[in-house]
Every structure is written in structure tokens, then in C-alpha cells.
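Chemist: Coordinates for the following, if possible.
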Amino acid sequence: MSDPDQLIPEEEEDLLDWATMTVVYAVGYIRILAEAIERGDADLQVDPMAWENTLTAVEGVMAEQIRGRLHGPTPITVEDVERMQRLRSLGSAALSGGERSPEFCPLALRCMESLFGPDWKRASREAAFCARSLNQEFHPGSGT
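Modeler: Modelled structure (predicted):
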């Protein structure tokens, strides 16, 4: 009898591709939003729906890492997922015109590091470029 969680190779490859792109776009949006908040920009440069969907998806990727179905550059803990949930909430509040919490930027740095490890600064610059490109494709008037 086979394990119901066992994926066939094509499904494994699809899951890995989805997880990789989810992490890239999540870190890109995190960096874009953190920089805009830090500068005090009026336009936060991230589509609120894209933020919510991408951060929710990355929480799923992190949960799959905890379950052992995916592996990333760093081990993910339940605390990492909880930090990401907090970051999503703070970002959503800022994007809806609410408070721009001083907790956001330091938390954003920790979340990016938990996803990419010690090379998070370089990786986050590249991820922000990818996220801006995707955002321009789907939301041409958004300012990014």
C-alpha cells in the first residue's frame, strides 16, 4: 500500500517549482513593502491582494518544510511560520491604509532570513526585481 502523501515525480517537481516561486515572490514583496514603509512612501508599491495571496502561500510552503515534504536553505520552525503570519497581518494593515507598525521592518528582515538563510540580502534584491516585474505585468498602473 502506498503512502497517500507520496508524490509521483512530476507532482514533486511541480510542488518544488511552486514553492520556489512562492518564496521568491514573497521575499520580493516583503522587501518592496519594507523599503517603502522605511522611506515613508505614500505609495507602498505592493498590490494588497498579491500580498495576501503570496504571504498565505509562503506560509503553506513553510508548513510543508516543517512536515518534511519540502526542504529549503534553512530549517523552518513553527515560530518562523508564526512570525510570517504576524508580518502578513502587519503588512495587510499598512496596505489598507492602517498603521505602519515600527515592528514591520525588523520582522521583515527576520522573515527574509528564515526563508533564504545567510544570503538573504542578495537574494531579496533579486526577489524584489522579480516581484516588481510580475506586479507590472498584472498591475501596470501600480507604481512598481
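
Chemist: In the helix of greatest length in the chain, which residues are buried?
Modeler: The single longest helix within the chain, with elements called by DSSP state H, is helix 9-39. Of the residues in helix 9-39, 19, 22-37 count as buried by neighbour count, 16 or more other C-beta atoms under 10 Å. Where you see a C-beta, it was placed from the backbone N, CA and C, and this is true even at glycine.

Chemist: In terms of secondary structure, what does it contact?
Modeler: Counting contacts by 3 or more C-beta pairs under 8 Å, 6 or more residues apart in numbering; DSSP states H and E, helix 9-39 packs against helix 48-67, helix 78-95, helix 104-116, helix 120-138.

Chemist: and it with helix 78-95, angle?
Modeler: 50 degrees (axes from the mean of the first three to the mean of the last three C-alpha atoms, to 10 degrees).

Chemist: Next, count neighbours for the closest residue to Ala63 other than its chain neighbours.
Modeler: Once flanking residues are discounted, Ala63 sits nearest to Val81: 6.4 Å by C-beta to C-beta, 6 or more residues apart in numbering. Counted with other C-beta atoms under 10 Å, residues neighbouring Val81 total 20.
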